[in-house]
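Peer 1: the following comprises the amino acid sequence and a computationally predicted model.
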Amino acid sequence: MAVNREAFEKLTEKLSKRGITLVAVSKTKPASDVEQLYALGQRDFGENYVQELLDKHEGLPADIRWHFIGHLQSNKVKFIAPFVYLIHGVDSFKLLQEINRQGSKHGRVIRCLLQVHIATEETKFGLSAQELHEIMSSPDLGTLVHVEICGLMGMASFTNTPDQVRKEFASLKKLYDLYTDHPSPHVHFSVLSMGMSSDVDLAIEEGTTMVRIGSLLFGQRQP
């Protein structure tokens, strides 16, 4: 299936005016779909599964910026550490430590976002506001020299109530603003990753700097 070129062009025009980065979520989609968007100028792509990310990284252009946006297990970090551009879903200090360890092995600083749980569904991963505070105030944060914490990521509730989604995005933006001037040399907030195909407009209104869009560009995935 061809990608939705019209939707892509409209979305990129809207986002570029606001300085918002588009991550095209290509999970479960064939490499040929990625190539179509790549030919239109898209360079940021997001994957949820480590093996799929490895396969696509191996066979697609080297200048693609690969974002890992799924739940990342510590024992899988080593596979993506050599090349991943940004890890969106860091939800524990233990995972940060493992990313740092793998970054050290490969002589690079790995950029990360801390995932905050803002939705009502318990099935979604993420830190509570208190857990986020504990990480950001930890004296051990300064030891992670191969990690750069670039901001926060969150997923809103899957609901038909826009006011609830807006409230959840606003709560994440408030936390983002709280830590923007963090004194650690390994914390440089510039990315607030929130907003997907179903709620992208609300995310834009609430101050997102990065959106993760799949079905608008690639069509619905098979269940």
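Peer 2: Structure received. Numbering: from 1, shown residues only.
Peer 1: for the rest of this, base every contact and every neighbour count on C-alpha atoms.
Peer 2: Fine.
Peer 1: quick one: what helix or strand has residue 150 in it?
Peer 2: Element membership for residue 150 (DSSP states H and E) is strand 147-153.
Peer 1: how far out from the middle of the chain is that strand?
Peer 2: Centroid separation for strand 147-153 versus its chain: 10 Å, with CA atoms, centre = their mean, to the nearest Å.
Peer 1: right, and the helix or strand after it?
Peer 2: Heading C-terminal from strand 147-153 (DSSP H and E), you reach helix 162-178.
Peer 1: which stretches of this protein have low pLDDT?
Peer 2: Judged by pLDDT under 70, the chain has its weakly predicted residues at 1, 123-124, 221-223.
Peer 1: try it again with 50
Peer 2: By pLDDT under 50, the chain contains no weakly predicted segment.
Peer 1: what's near enough to touch residue 126?
Peer 2: Shown in contact with residue 126 (CA atoms under 8 Å, 6 or more residues apart in numbering): 89, 90, 91, 114, 115, 116, 117, 118, 154.
Peer 1: from residue 51, how far off is it?
Peer 2: Residue 126 is 22 Å from residue 51, where distance means CA to CA, to the nearest Å.
Peer 1: which element is the residue most central in space within the chain on?
Peer 2: In the chain, the centroid-proximal residue (CA atoms, centre = their mean) is residue 88; its distance is 3.5 Å. Taking DSSP H and E as the definition, residue 88 sits inside strand 86-90.
Peer 1: that strand - contacts with which helices or strands?
Peer 2: If contacts are counted by 3 or more CA pairs under 8 Å, 6 or more residues apart in numbering; DSSP states H and E, strand 86-90 sits against strand 65-68, strand 110-115, strand 147-153.
Peer 1: other SSEs contacting the last one?
Peer 2: Using 3+ CA pairs under 8 Å, 6+ apart, the elements in contact with strand 147-153 are strand 86-90, helix 93-105, strand 110-115, helix 162-178, strand 187-193.
Peer 1: using a markdown table, lay out those together with distance to residue 134.
Peer 2: Shown next, in a markdown table, are the helices and strands packed on strand 147-153 (distance: least, CA to CA, whole Å):
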| stretch | distance to residue 134 |
| --- | --- |
| strand 86-90 | 14 |
| helix 93-105 | 9 |
| strand 110-115 | 12 |
| helix 162-178 | 13 |
| strand 187-193 | 14 |
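Peer 1: quick check: which of the ones you listed is nearest to residue 15?
Peer 2: Closest approach to residue 15 among those (CA to CA): strand 187-193, 13.2 Å.
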